[in-house]
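# Predicted structure and sequence below. I'll ask about it afterward.
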Amino acid sequence: MKVTKPERKIETGVFDRHTLLVISKFLKKRVIESLDYPISTGKEADVFHATTLDGRNLAVKIFRIETSTFRAMEDYLVSDPRFKGISDNKFDIINAWTRKEFKNLQIMEEAGVHSPHPLICHANVLIMEFLGVGGMAYSTLFQAGSLAPESDARSILDDIARMYRAGLVHADISEYNIMMTDKGPYIIDAGQGVLIKHPKAHEFLRRDIDNIVRYFRKYSLGLDTETEYQKIISEEIEHGKLRRRKKKFQREPETPAGDGTGGGADDEEGEGDIVGAGEIEGADAGAGRDDAPENVDGE
Ligand code: ATP
Ligand code: MN
């Protein structure tokens, strides 16, 4: 199959069959015109650069089916009303995880958090705004450090507060999951994010804050985890938004605009739908689990 333009070909051998089917579907639907090169390869996911027909850059995050830590993922999926009743089949978990990151990115965007715009997701593949210049991804905070520590730290802590106000705790904030863009720090990698009703949400919130406070310690900003934590949770209580938000997310968790098919809380166990873009139809075409798992499992 043709995965990319010949001059920038990615070896098809790097993808399992299940993933290849999903990518070919995105190519066929013209969501992307080519899948170009890896930006990052990790334990849980690989991120690729892709190009649209009109030459725009996109980031394609592909969750690994073979090496992901399913047990760890399950811990972050429990108590999330958006993912009620998903089985412990590894495809279901990965697909729910992908959708979870997608929905968390939607919540973040709506809350005004600096984060990549999520375009669409299907099965274990999530397509989002590319953060970079030309085809070059911006550096992470870990790689680049901070040139304006005071405002960078404040921006990140404000974003954590915005997420909390919107009912979300990122739960994996660190210098590795922040990209230093020309518009300041952007928060990525939202798959672990939990709703504030998750039993460990506040523990995760404190840890997120602490990671930032600890990272910026070398810049001597005098930040204190407990102070920042109290500020964030008391702001929330003062504004009385907590309850309203919780209700909202339990009632209608982020149905993607224009997509009449997926996205509701009750169909999370299904992964047949491409979520996120109204113009993609044929969502139940065969790129999903139906014929793939058996083939992939044994490999
Ligand atoms: P793993 O844990 O397996 O390493 P991950 O789950 O941490 O993967 P991310 O943190 O989301 O995956 O992304 C990994 C890297 O890919 C980032 O550090 C960044 O360099 C790049 N990246 C992620 N999202 C984007 C994006 N939207 N635009 C450009 N680059 C991105
Ligand atoms: Mn990461």
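Looks like it came in fine. Ligands and ions are numbered 1, 2, ... in the order given.

# what does the stretch 101-250 of the chain put close to ligand 2?
Within the stretch 101-250 of the chain, the positions near ligand 2 by CB under 5 Å from the ion are 177, 189. All C-beta spots, glycine's among them, are computed from the backbone N, C-alpha and C.

# Are we agreed that S87 is in a helix?
No. With DSSP: H, G, I helix; E, B strand; the rest coil as the criterion, S87 is located in coil rather than a helix.

# Just give me the neighbour total for it.
S87: 10 surrounding residues under other CB atoms under 10 Å.

# what's the answer for V169, then?
By other CB under 10 Å, the residues close to V169 number 26.

# distance of A96 from S155?
30 Å (CB to CB, to the nearest Å).

# Now do the same contact list for M73.
In this structure, M73 makes contact with 93-94, 97, judged by CB atoms under 8 Å, 6 or more residues apart in numbering.

# Same list (the residues you listed) but as CSV, adding distance to ligand 2, neighbour count and secondary structure.
Shown next, in CSV, are the contacts of M73 (distance: CB to the ion, whole Å; neighbours: other CB atoms under 10 Å; DSSP: H, G, I helix; E, B strand; the rest coil):
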residue, distance to ligand 2, neighbour count, secondary structure
I93, 18, 22, helix
I94, 16, 22, helix
W97, 13, 25, helix
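
# Let me see the mean pLDDT of the helix or strand containing K103.
Here K103, judged by DSSP states H and E, is contained in helix 90-110. The average of the pLDDT scores along helix 90-110 is 95.

# on contacts alone, who are the packing partners of it?
For helix 90-110, the elements it packs on are strand 57-63, helix 70-77, strand 118-122, strand 125-129, helix 149-165, strand 168-169, judged by 3 or more CB pairs under 8 Å, 6 or more residues apart in numbering; DSSP states H and E.
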